[in-house]
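In: Here's a sequence, model it:
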Amino acid sequence: MSLDPDPTDQLLDRHGRHWRTAFVPPPMEGMLAVATAQTQHRSRWLWPLAAAVALLVIPLVTVVGVSGSHQSATSPTPDPAGFLGDIAWFGAVLQADHRTLSVAVYPDRQSYCPGSQLPDLHAVVSETATTVSIRAQAFRASSPSPTPSAPAGAAPVCSDLGPMPMALTVELRQPLGSRSLLDATTGTRHLVFEASTLLTPSWLPAGYVDRIIRWEREPHDDVVVHEYHGPGKDQLFVARGPNPPAPALAGETVLATGTVLGHPAKVTRYPATPTTTCAFWTDSGYSWSICSWGPDPRHSPLDAEELLRIGNSMR
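Out: Reported below is the predicted structural model:
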């Protein structure tokens, strides 16, 4: 069956292209249906728009790793009988302390819908003078997740979403330094994005807090998304992608124009994503966007003036 071009796909392309990493969401079946109309290439990173909905249902999994076996900081000691397998990971981000690594993993599942069961994640970390090796492992969840009820015979809106990534955070004994980073499951040597190299806002509206930085490196793309959570379920995404950016979309509504750090900027909204407003600009090296998302179907939480102020506060 052929599918028409997905406007949300195009908007993701506009400020990140392949940005495709972990909360029961508000009743946004319509937007979710649009955001998940295509499978396959969209089943990886859906940031920042589809993820802003889908990631409302998965608690961030934090694992503090040490050399050898380690137990999750957020769940009991895993039952060996519940071992589901090793999982490959990607998108390594070295946080500002130079000892904390955040990576993304995929649960081994055929499909994902809000409220469905997710595994407990654990890490086995081995450190030497020259390498750091991380093995991500999945175990049957110790506490079942609540599954929302649905009318008999009703198909879940998100049946085509596919696996959603979960965040796994590992603390090293020593700073990573120049050591190589390896996935012990696949043997892959991974590049690392250093969070300290990313411009970040020095001003945010009241109630917004830093959550995590996520990164994906494709053969021709290098996209970083800095996620913030706001009051209630509001979310904010600051994305840095390749320059030049993808072409502008048809059907956009330009809410305002201005400058960000001396560069021309515009704030737009699209019919397919009425609760998301984004500011776009480019500098000499990258294309940037700041997107505000909220559960209220009438508008996004932050207005154009606030988005431009956030951009101009970046240091």
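In: What's opposite Glu227 in the beta bridge?
Out: Note on Glu227: beta-bridge partners by DSSP bridges are Ile212, Phe237.
In: Sorry, slip of the keys, the one I care about is Glu194.
Out: Judged by DSSP bridges, the bridge partners of Glu194 are Leu94.
In: count of neighbours near it?
Out: Glu194 has 14 neighbouring residues, counting by other C-beta atoms under 10 Å. Yep, even glycine has a C-beta here, placed from its N, CA and C like the rest.
In: Isn't it up against Leu94?
Out: Yes. Look at Glu194 against Leu94 with C-beta atoms under 8 Å: they come within range, at 4.9 Å.
In: For the stretch 201-315 of the chain, just list every one of the strands.
Out: 209-217, 222-229, 235-242, 253-260, 263-270, 273-282, 286-293 (DSSP state E, counting those that start in this stretch).
In: which one of these has the lowest average pLDDT?
Out: Lowest mean pLDDT within those: strand 209-217, a mean of 86.
In: Packing partners of that one?
Out: Where contact means 3 or more C-beta pairs under 8 Å, 6 or more residues apart in numbering; DSSP states H and E, strand 209-217 is packed against strand 89-94, strand 100-105, strand 193-194, strand 222-229.
In: Name the residues of that strand that are buried.
Out: 211-217 (16 or more other C-beta atoms under 10 Å).
In: re the thing from before, with distance to Leu198 added, can I get the strands of the stretch 201-315 of the chain in a markdown table?
Out: Listed next are the strands of the stretch 201-315 of the chain as a markdown table, based on distance: least, C-beta to C-beta, whole Å:
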| stretch | distance to Leu198 |
| --- | --- |
| strand 209-217 | 7 |
| strand 222-229 | 6 |
| strand 235-242 | 7 |
| strand 253-260 | 15 |
| strand 263-270 | 17 |
| strand 273-282 | 16 |
| strand 286-293 | 10 |
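In: what comes up buried for stretch 95-107?
Out: Buried, per 16+ other C-beta under 10 Å, within stretch 95-107: 95, 100-107.
In: Point out the one among the strands of the stretch 201-315 of the chain that comes closest to Ser180.
Out: Closest approach to Ser180 among the strands of the stretch 201-315 of the chain is made by strand 209-217 (15.8 Å; C-beta to C-beta).
In: could you check the angle strand 89-94 makes with that closest one?
Out: Angle of strand 209-217 versus strand 89-94, following axes from the mean of the first three to the mean of the last three C-alpha atoms, to 10 degrees, is 120 degrees.
In: So Val124 versus His190, what's the distance?
Out: Distance, Val124 to His190, by C-beta to C-beta, to the nearest Å: 16 Å.
In: Show me where the protein dips below the pLDDT cut-off.
Out: 1-77, 107-117, 143-165, 218-220 (pLDDT under 70).
In: That one: helices as residue ranges?
Out: 7-14, 29-35, 49-54, 304-312 (DSSP state H).
In: by contact count, what packs against the longest one?
Out: What that stands for is helix 304-312. strand 253-260, strand 263-270, strand 273-282, strand 286-293.
In: would you put the C-alpha positions of that helix in CSV?
Out: C-alpha atoms of helix 304-312 as CSV (Å, rounded to 0.1, in the frame of the first residue of the first chain):
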residue,chain,number,x,y,z
ALA,A,304,7.5,33.3,19.1
GLU,A,305,9.0,35.9,21.4
GLU,A,306,10.0,33.3,23.9
LEU,A,307,11.5,31.0,21.3
LEU,A,308,13.6,33.8,19.9
ARG,A,309,14.7,34.9,23.4
ILE,A,310,15.8,31.3,24.1
GLY,A,311,17.8,31.3,20.9
ASN,A,312,19.5,34.6,21.7
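In: Okay, buried residues for it please.
Out: By neighbour count on 16+ other C-beta under 10 Å, the buried set for helix 304-312 is 304, 306-312.
In: Just put those residues in a markdown table and tack on distance to Val223.
Out: As requested, these are arranged in a markdown table below (distance: C-beta to C-beta, whole Å):
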| residue | distance to Val223 |
| --- | --- |
| Ala304 | 23 |
| Glu306 | 23 |
| Leu307 | 19 |
| Leu308 | 22 |
| Arg309 | 24 |
| Ile310 | 19 |
| Gly311 | 17 |
| Asn312 | 22 |
